[in-house]
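1. model this:
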Amino acid sequence: MESISFRNDASSASVPRRIAASFFYLSHIFVTMLVGLGWLAPWDIVLWSVVVVYCATEILWLTRDGYCILTDIERWLLGIEKPKSALQQNFIQRLLLSWTGKSFTPQNSRNLTVIWGRLSLSICIVRLYSPWF
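-> So this is what the prediction gives:
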């Protein structure tokens, strides 16, 4: 299994490429937080953003065999080869490891991502179209 940390593999990348990769990593965190917690926002624009971003994410996963374009760009900038399986580059797995220190299996991380994303999407749609919210 491939390392889920990009730090060791990225040492040969130039400083501008590492800075650009860090931008994509932070963008990925922003997208993750938007989809994961955006349903809590009181503003319709945030709810609509969750709907659009998560639907686009599902379409990208479907058309790219589960690979995330943000992780692919980060890997390309750091000069890290694309793994044979999309599960080997799971961003949520990397994020959970860095935040909690616990390693989750790639499949469990993927399942958590999909379940949480679809739940957030559903809540946003209900909040946008129901008269009670």
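2. what kind of secondary structure is residue 82 in?
-> coil (DSSP: H, G, I helix; E, B strand; the rest coil).
3. cool, residue 42 as well?
-> For residue 42, the assignment made with three-state DSSP gives coil.
4. Number of residues surrounding the residue lying closest to residue 86 once chain neighbours are set aside?
-> Counting by Cβ to Cβ, 6 or more residues apart in numbering, residue 66 is the residue found nearest to residue 86 once chain neighbours are left out, at 3.3 Å. To be clear about C-beta, it is placed using only N, CA and C from the backbone, and glycine gets the same treatment. Residue 66 has 14 neighbouring residues, counting by other Cβ atoms under 10 Å.
5. do the same with residue 100
-> Applying other Cβ under 10 Å, we find 9 residues neighbouring residue 100.
6. same check, this time on residue 71
-> By the criterion of other Cβ under 10 Å, residue 71 has 21 neighbours.
7. Over to residue 89?
-> Neighbours around residue 89, by other Cβ under 10 Å: 22.
8. can I assume it is in contact with residue 82?
-> Yes - using Cβ atoms under 8 Å, residue 89 is in contact with residue 82, at 7.4 Å.
9. Just say helix, strand or coil for the residue nearest to residue 86.
-> Classification of residue 66 by three-state DSSP places it in coil.
10. any common contacting residues for residue 89 and residue 82?
-> In terms of Cβ atoms under 8 Å, 6 or more residues apart in numbering, residue 89 and residue 82 are both contacted by the residues 67, 72, 75.
11. where are the low-confidence patches of the protein?
-> Regions of the chain meeting the criterion pLDDT under 70 cover residues 1-11, 133.
12. can you give me the strands in it?
-> Taking DSSP state E, the chain contains no strands at all.
13. Next one: the nearest residue to residue 41 once chain neighbours are set aside relative to residue 60, how far apart?
-> Once flanking residues are discounted, residue 41 sits nearest to residue 47: 6.5 Å by Cβ to Cβ, 6+ apart. Distance from residue 47 to residue 60, counting by Cβ to Cβ, to the nearest Å: 21 Å.
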